[in-house]
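Asks: Predicted model and sequence follow; I will ask about them next.
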Amino acid sequence: MARALIIAIYLLFSATIAIAVFLFTGATTGFLSGVVLALGCFQVDSNARNRRARRMTERRIADLTRRLDQVLNDIGLRINDASKVIETRTSVQNGKIMAELQVLESLVRGFAARVPQEAGRVTEIAPPRERSGSSRISLDSPGEGELLQSVRRALEQSRVDLYLQPIVTLPQRKLRFYEALSRLRAEDGSIILPAQYVKLAASAGLMPRVDNLLLFRCVQIVRRLAQKQRDIGVFCNISGDSLTDAEFFPQILEFMHRNRDLAGRIVLEFAQETVQHLGVDGEASLAGLAQLGFALSMDQLESLEMDFAKLRRLGFRHIKVRARALLHGTENADAATAAVDLRKHLERYGLNLIAERVEDGDTVKQLSEAGVDFAQGYLFGTPRAVGDDWLRTLTTEEDVAPLATLRKAS
């Protein structure tokens, strides 16, 4: 509307001048002067509008430049913050990797000092110090000497395979934990089972190295499970020798300290005989692990005559009992203890009861009726070697149970 009014004024002004010129000089001169005047007015107006548009454009460009500078400044600050976070995380991760490498380095470094290089020269291997639960093993037979050398070479070359067996909730049979089991692999690919190497390795002082490698593998697999958002814990067995070994336990403690972010996913398991003969040093070792937040478990029970309150104070949260013993009583107990009574008794101390060696459906039914929360055995799955194929199967969610509520001490 304003633009039309301006054009009308220009035309009126030009027409007025043209009429005035017409009256004095004639029609042709008046018409031409009107046209020239009108064109001049439009040119002046166009120049003025161009200058206004240019100034407006310059102001907009200046405003955009200020905004762009502000955005770039914000991006720079965010990149700075992100770099600091990445640097911090990288530093933590590098620390964990260095701890793992230190564990492996210490394992290799210790072999030359503790294990004979030639089996034929050895007549007897004794532990470097007296340990409860360890016995000397004579290597008079060539077979035992060869087995010791196979064990030594398997440990030197990190041929320690990790096998996992599921622990499920009852009665849903949903996966909640895995128990990690170690198997040594000989040079020809054959498997050396714990029943074959444990006593021999213990008398030679090698069990701490086995435990170190097993913990190393457990941490690796738990991190892989965490990457796949699998909220599943792993039970990792530790021998009594490792708890009392002045050289290797501090390394284990340092390694677990660097991986304490996994405290809610790794459960350290000890045999009942080991716990019963801990002594002051052994209990201090357990306390160190518990202070880092790692839960403890006890298995291989032969008697139910235990101080459960003390176990809880030491950091134990799980007790494993053979299903047959739960339902029919342990051999060394004064009387048979019903599964439901034991479960209620453990519950008062904030301990979870896990029935192991479950092999048939009838046993599952009886355990479920007794209120046992967790079970383990061949019925639910045999130990399986951990490999890339197995890891790929973890992408499904059908075997994952909601987290069972773990009891806590009052």
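Replies: Right, received. Where do you want to start?
Asks: who touches stretch 320-328?
Replies: With CB atoms under 8 Å, 6 or more residues apart in numbering as the contact definition, stretch 320-328 has outside contacts at 269, 297-301, 304, 330-331, 336-337, 339, 342, 353-359, 363, 366-367, 370, 372, 375-377. To be clear about C-beta, it is placed using only N, CA and C from the backbone, and glycine gets the same treatment.
Asks: What residues sit buried inside that stretch?
Replies: Buried residues in stretch 320-328, counted by 16 or more other CB atoms under 10 Å: K320, V321, R322, A323, R324, A325, L326, L327.
Asks: Report the separation between the second one and E156.
Replies: The one in question is V321. 37 Å (CB to CB, to the nearest Å).
Asks: related to what we said a few turns ago, out of the contacts of stretch 320-328, which sit inside strands?
Replies: E269, S297, M298, D299, L353, I354, A355, E356, A375, Q376 (DSSP state E).
Asks: Let's see if you can find the most crowded of the residues you listed.
Replies: A355 (29 neighbours; other CB atoms under 10 Å).
Asks: quick one: the helices in the stretch 101-250 of the chain?
Replies: Applying DSSP state H, counting those that start in this stretch to the stretch 101-250 of the chain gives helices spanning 142-156, 194-203, 207-227, 240-244, 249-258.
Asks: Those into a markdown table, with extra columns for distance to D81, mean pLDDT and mean neighbour count?
Replies: Shown next, in a markdown table, are those (distance: least, CB to CB, whole Å; pLDDT from 0 to 100; neighbours: other CB atoms under 10 Å):
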| stretch | distance to D81 | mean pLDDT | mean neighbour count |
| --- | --- | --- | --- |
| helix 142-156 | 45 | 76 | 18 |
| helix 194-203 | 50 | 78 | 18 |
| helix 207-227 | 24 | 83 | 21 |
| helix 240-244 | 42 | 82 | 24 |
| helix 249-258 | 25 | 86 | 18 |
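Asks: Which among those helices is found nearest to Q70?
Replies: helix 207-227 (38.0 Å; CB to CB).
Asks: now that closest one and helix 142-156, what's the angle there?
Replies: Computed by axes from the mean of the first three to the mean of the last three CA atoms, to 10 degrees, the angle separating helix 207-227 from helix 142-156 equals 40 degrees.
Asks: then helix 207-227 to CSV, C-alphas only?
Replies: Listed next in CSV are the C-alpha coordinates belonging to helix 207-227 (Å, rounded to 0.1, in the frame of the first residue of the first chain):
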residue,chain,number,x,y,z
MET,A,207,47.6,-72.7,41.6
PRO,A,208,48.0,-68.9,42.2
ARG,A,209,49.0,-68.6,38.5
VAL,A,210,46.0,-70.7,37.5
ASP,A,211,43.8,-68.4,39.6
ASN,A,212,45.3,-65.3,38.1
LEU,A,213,44.7,-66.5,34.5
LEU,A,214,41.1,-67.6,35.4
LEU,A,215,40.4,-64.1,36.9
PHE,A,216,41.9,-62.5,33.9
ARG,A,217,39.5,-64.5,31.6
CYS,A,218,36.5,-63.8,33.9
VAL,A,219,37.1,-60.1,33.7
GLN,A,220,37.3,-60.3,29.9
ILE,A,221,34.0,-62.3,29.6
VAL,A,222,32.2,-60.1,32.1
ARG,A,223,33.1,-57.0,30.1
ARG,A,224,31.9,-58.7,26.9
LEU,A,225,28.6,-59.5,28.6
ALA,A,226,28.4,-55.9,29.8
GLN,A,227,28.9,-54.6,26.3
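Asks: Understood, closing this out.
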